[in-house]
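Novice: next one to model:
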Amino acid sequence: MQISDIPFGVTDWAAIPATEHPGDHGVARWRTCQFGSLRVRMVEYSAGYLADHWCHKGHVLLCLEGELSTELEDGRVFVLKPGMSYQVADGAEAHRSSTASGARLFVVD
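Specialist: Next comes the predicted model:
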């Protein structure tokens with residue numbers, strides 16, 4: 001990842017409007033900032049959320065609250081708790097997320 005041409009700034013995530021993205025079950029609420037080609041998001045998954053697609057986009061994801069299960073297309077499942085993160089490259093292992101109890105995440109992609 002190359003980060004360039006972004007001046008210092010502070011983001012008040014509570015002031016960023018949320019957009020809703022329904023999953024197969026539940027909903028994801030994204031608060032999104034775009035800095036050049038870098039997308040930065042605060043994401044909240046409702047309890048019972050299950051993504052409606054396999055994602056091929058690369059991310060660095062940090063679990064802030066709750067518990068997140070990330071399933072890879074090959075069947076492996078990884079559980080993230082607060083303070084845990086994952087990273088995956090664009091076009092690498094396809095993945096999808098779910099949560100029984102809900103989760104809040106910080107995502108850079």
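Novice: excluding its backbone neighbours, what's nearest Gln87?
Specialist: Of all residues not flanking Gln87 in the chain, Val60 sits nearest, at 4.7 Å (Cβ to Cβ, 6 or more residues apart in numbering). Bear in mind the C-beta positions are built from the backbone N, C-alpha and C, glycine included.
Novice: what's the spacing between the one you found and Asp5?
Specialist: From Val60 over to Asp5 the distance is 20 Å, taken as Cβ to Cβ, to the nearest Å.
Novice: now do His59
Specialist: Counting by Cβ to Cβ, the gap from His59 to Asp5 is 22 Å.
Novice: give me the more crowded residue out of the two.
Specialist: For His59 versus Asp5, the count of surrounding residues by other Cβ atoms under 10 Å is larger for His59: 20 against 8.
Novice: distance of that one relative to Asp74?
Specialist: Distance from His59 to Asp74, by Cβ to Cβ: 18 Å.
Novice: quick revisit: wasn't the residue nearest to Gln87 part of a strand?
Specialist: Yes: membership of Val60 in a strand is supported by DSSP: H, G, I helix; E, B strand; the rest coil.
Novice: beta partners of it?
Specialist: Beta bridges link Val60 to Gln87, Val108, judged by DSSP bridges.
Novice: that one is in contact with Ser85, isn't it?
Specialist: Yes: if you go by Cβ atoms under 8 Å, Val60 and Ser85 touch, sitting 6.7 Å apart.
Novice: show me where this protein has its strands.
Specialist: Assigned by DSSP state E, the chain shows strands spanning 19-22, 27-35, 38-45, 49-50, 59-66, 68-72, 77-80, 85-88, 95-99, 103-108.
Novice: with adjacent residues omitted, what lies nearest to Arg104?
Specialist: Nearest-residue entry for Arg104: Glu65, 4.1 Å, with adjacent residues in sequence omitted and distances by Cβ to Cβ, 6+ apart.
Novice: the one you found against Phe106, yeah?
Specialist: No: counting by Cβ under 8 Å, Glu65 stays clear of Phe106, with 10.4 Å between them.
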